[in-house]
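>>> Predicted coordinates and the sequence they were generated for:
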Number of protein chains: 2
Amino acid sequence: MAENKDVSITVVRRLPRYYKFLSNLKKNGVQKISSKEIANRMGLTASQIRQDLNCFGGFGQQGYGYNVEALSNEIASILHLNQNIDAILLGVGNLGKALANYMSAQSTGVSLIGLFDKNPELVESKGLGYNIMGLTELDEFCKRHKPKIAILCIPSDAAEKTVAKLSLLGITGIWNFSSLDIQESDELKVENMHLGNSLMTLGFKVHNNCSGSEED
Amino acid sequence: MAENKDVSITVVRRLPRYYKFLSNLKKNGVQKISSKEIANRMGLTASQIRQDLNCFGGFGQQGYGYNVEALSNEIASILHLNQNIDAILLGVGNLGKALANYMSAQSTGVSLIGLFDKNPELVESKGLGYNIMGLTELDEFCKRHKPKIAILCIPSDAAEKTVAKLSLLGITGIWNFSSLDIQESDELKVENMHLGNSLMTLGFKVHNNCSGSEED
């Protein structure tokens, strides 16, 4: 596998899409595929796909295409899907529960090991498969279990203080569903999932009949 | 207001962030702000901000900066936040409920007018403020109320057929939380909110200690 630290984030963002696409092919017994066919079915260009995969060493063979299983395994390895990262989730409302259920069902390389809420006694956790802890238990839990990622499903006013605290507790990645704009730094990686921004962008596209995705 | 149909989607995606930022300033009684200060506080560059806002005609005054209220109103107008779009939501699990609650509380220019589920009788809708309809009622509802946006919180295997059907029912925008990769077209605008892709990207950034956002 090639060095991948300096690969552009735009390329990295496409890797989960390739991975999912290839996993489906594998499930359906497909053994090889050309970059052209991947391109057609994913709405990308063949040269974009070849360029993307070349960033990581390139796995295609001229005139043959890609071996589906080998390429899928390579992408899983690049994404570190087999090296688990432990995560905690803060704010167990409907969204928090939806994410916890999602993470139990999918292999994303990130496992939820603790759920926290301001009012754990009010959370209806039947069927969730987790005990909900109070925020007062957060410090002790992090010191003992050393999670690396925190999933924020709390209001933005609470999020600001919480982020500073989480950094001190050894958290190095935030999956942010609060509306707070968290800046990424060397010490703290962030994926902002701002629902409102995405919905307003969709509204703009519908009103103006214009298109565009992250890939543009 | 300048013509805005051909503005790059990367710029459009920043507008909700500006809007939120300016709304907070307004709430705190701030009347003017320089592009440099916006830049510092939003983690962008001043020239990027000037360029972005120039796409829509530019509202700054040399040596004065931006009038917070005027700029905020202009961005709201560009995003059509005052021209409501009606939306329906399909799949009222935890995620669907979280989104319905979110949309009731926020002004995004999109209003939810109907919620649908395969098993409406199983949905605990107390406190949600909506009656849940069955999918069999979808056609009639769309013909009568003409929603433009559909929010998909259903599994990807159900989503594929549903998207084709929704297009025929007059839906022109999809806010997609299913894992199906929905391609955008002239007739159908899409915002894909793929949870797994975002979480895998975060995992990659944490493992490799590299950074990057949609803005790069």
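Arrived safely. Everything numeric in this text was worked out from a predicted model, so none of it was measured.

>>> can you give me the strands in chain A?
Taking DSSP state E to define them, one finds strands in chain A at A:32-33, A:66-67, A:85-90, A:110-117, A:132-134, A:149-152, A:173-176, A:189-192.

>>> okay if I get those as CSV plus mean pLDDT and mean neighbour count?
In short, each C-beta sits where N, CA and C put it, glycine included. Listed next are these as CSV, based on pLDDT from 0 to 100; neighbours: other Cβ atoms under 10 Å in any protein chain shown:
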stretch, mean pLDDT, mean neighbour count
strand A:32-33, 91, 17
strand A:66-67, 88, 21
strand A:85-90, 98, 22
strand A:110-117, 97, 20
strand A:132-134, 96, 17
strand A:149-152, 98, 26
strand A:173-176, 98, 26
strand A:189-192, 96, 23
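
>>> okay if I get those as TSV plus distance to chain B?
Formatted as TSV, the strands of chain A follow (distance: least, Cβ to the nearest Cβ, whole Å):
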stretch	distance to chain B
strand A:32-33	16
strand A:66-67	18
strand A:85-90	6
strand A:110-117	5
strand A:132-134	14
strand A:149-152	6
strand A:173-176	4
strand A:189-192	4
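
>>> Residue B:186 is nearest to which of these?
Between residue B:186 and these, the tightest spacing by Cβ to Cβ is seen for strand A:32-33, at 28.0 Å.

>>> Of all the strands of chain A, which one is nearest residue A:166?
The minimum distance between residue A:166 and those falls on strand A:149-152, with 5.0 Å, by Cβ to Cβ.

>>> Could you list the alpha-carbon positions for the closest one in PDB?
This file holds the C-alpha atoms of strand A:149-152, laid out as PDB (Å, rounded to 0.1, in the frame of the first residue of the first chain):
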ATOM      1  CA  ILE A 149     -14.000   9.800  19.000                       C
ATOM      2  CA  ALA A 150     -16.900  11.700  20.500                       C
ATOM      3  CA  ILE A 151     -20.300  12.000  18.700                       C
ATOM      4  CA  LEU A 152     -22.000  15.200  19.700                       C
END
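
>>> Could you pull up the mean pLDDT of stretch A:45-65?
In this model, stretch A:45-65 has a mean pLDDT of 78.

>>> Please name the residues that touch the residue located most distally from the centre of chain A.
In terms of distance from the mean C-alpha position of chain A, residue A:63 ranks first, at 33.7 Å (Cα atoms, centre = their mean). Contacts were defined as Cβ atoms under 8 Å, 6 or more residues apart in numbering or on different chains; by that measure residue A:63 touches no other residue.

>>> Distance-wise, check it relative to chain B.
In this structure, residue A:63 and chain B are 28 Å apart, going by Cβ to the nearest Cβ, to the nearest Å.

>>> again with residue A:118
Counting by Cβ to the nearest Cβ - residue A:118 and chain B are separated by 17 Å.

>>> Also residue A:97?
For residue A:97, the distance to chain B (Cβ to the nearest Cβ) stands at 4 Å.

>>> Same check on residue A:177?
Distance from residue A:177 to chain B, by Cβ to the nearest Cβ: 9 Å.

>>> from what I can see residue A:115 touches residue A:133, true?
Yes: Residue A:115 sits in contact with residue A:133 when judged by Cβ atoms under 8 Å, with a separation of 6.9 Å.

>>> lowest average confidence, helix or strand, in chain A?
helix A:46-54 (a mean of 85; mean pLDDT, DSSP states H and E).

>>> quick one: buried residues of that one?
Buried residues in helix A:46-54, counted by 16 or more other Cβ atoms under 10 Å in any protein chain shown: A:48-50, A:52-53.

>>> name the helices or strands packed onto it?
The contact analysis (3 or more Cβ pairs under 8 Å, 6 or more residues apart in numbering or on different chains; DSSP states H and E) places helix A:46-54 against helix A:9-27, helix A:35-42.

>>> how about 6 Å then?
helix A:35-42 (3 or more Cβ pairs under 6 Å, 6 or more residues apart in numbering or on different chains; DSSP states H and E).

>>> what does the helix it packs on contact?
Applying Cβ atoms under 6 Å, 6 or more residues apart in numbering or on different chains, the external contacts of helix A:35-42 come out as A:21, A:45-46, A:49-50.

>>> Please repeat the previous calculation with a cut-off of 10 Å.
With Cβ atoms under 10 Å, 6 or more residues apart in numbering or on different chains as the test, helix A:35-42 has contacts from A:14, A:17-18, A:20-22, A:24-25, A:30, A:33-34, A:44-53, A:60, A:65-66, A:68, A:71, A:215, B:181, B:183.

>>> could you give me the average pLDDT of that helix?
When the per-residue pLDDT values of helix A:35-42 are averaged, the result is 89.

>>> Show me how far it is from its chain's centre.
In this view, helix A:35-42 has its centroid 23 Å away from the chain centroid, taken as Cα atoms, centre = their mean, to the nearest Å.

>>> Buried residues in stretch A:144-158, which are they?
Neighbour-count burial for stretch A:144-158 flags A:147-154, A:158 (criterion: 16+ other Cβ under 10 Å).
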